[in-house]
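Trainee: I'll drop the sequence and a predicted model, then ask my questions.
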Amino acid sequence: MDSIVSILRESWSVVEEAPFAVLLLVLLSGTIGYRAHVWFQSGREETLRERLKYKDEQIAGLEEKLASQALEAPATQTDPDAITQHGHVVGKMIAPRVEMSQGNLYATEIRGNENFNREAPFQFREHRLRVKSASVVSTVSGVLGVGTSLRDVVCTIEES
């Protein structure tokens, strides 16, 4: 800062003799500096916009791939307690007990994902079932999404 003040003191006679030239030089320098800043920032902004666009395209592609896999993937019965609707695993039966003489299946709980429709029939092992009653029906929200929980469930066996 001291060097700028000393330079101005030494050159003050030039400033007094040609004030318009000095003012023009200051304005020109400021304009050039501002334009350089704008140019640099626009290039940086454009780069960031391109990166965001690329990430958006990646996310859209992955969402599309995930959605198509979810719709096309047949139910895998690796879990013996899985329940399916329309060929897709939509939930899990907890502590099932079959009473064929009564034509009912009793379960401590049914945990369904967002695709589980409790009003529609579903497949559990070799049985086609429909929910007859549940003591508690609740919507559960968590890390994996929104689902349905039915407690103390009685299901009617439609087919075996």
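Mentor: Yes, it's here. Residues are numbered from 1 along each chain as shown.
Trainee: Outline the domain layout of this structure.
Mentor: Here the domain parsing of the chain from automatic domain parsing is 2-71, 82-159.
Trainee: okay, these, which one's buried deepest?
Mentor: Looking across the domains of the chain with neighbours counted as mean count of other C-beta atoms under 10 Å, the highest average goes to domain 82-159: a mean of 16. Bear in mind the C-beta positions are built from the backbone N, C-alpha and C, glycine included.
Trainee: how far is it from where the chain is centred?
Mentor: The chain centroid and the centroid of domain 82-159 are separated by 27 Å under C-alpha atoms, centre = their mean, to the nearest Å.
Trainee: returning to that earlier point: would you turn the domains of the chain into CSV with mean pLDDT?
Mentor: Rendered in CSV, the data for the domains of the chain read as follows (pLDDT from 0 to 100):
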stretch, mean pLDDT
domain 2-71, 86
domain 82-159, 90
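Trainee: So the closest residue to N104 other than its chain neighbours: helix, strand or coil?
Mentor: Nearest in space to N104, with sequence neighbours left out and distances taken as C-beta to C-beta, 6 or more residues apart in numbering, is V154 at 5.7 Å. Put simply, V154 is strand when judged by DSSP: H, G, I helix; E, B strand; the rest coil.
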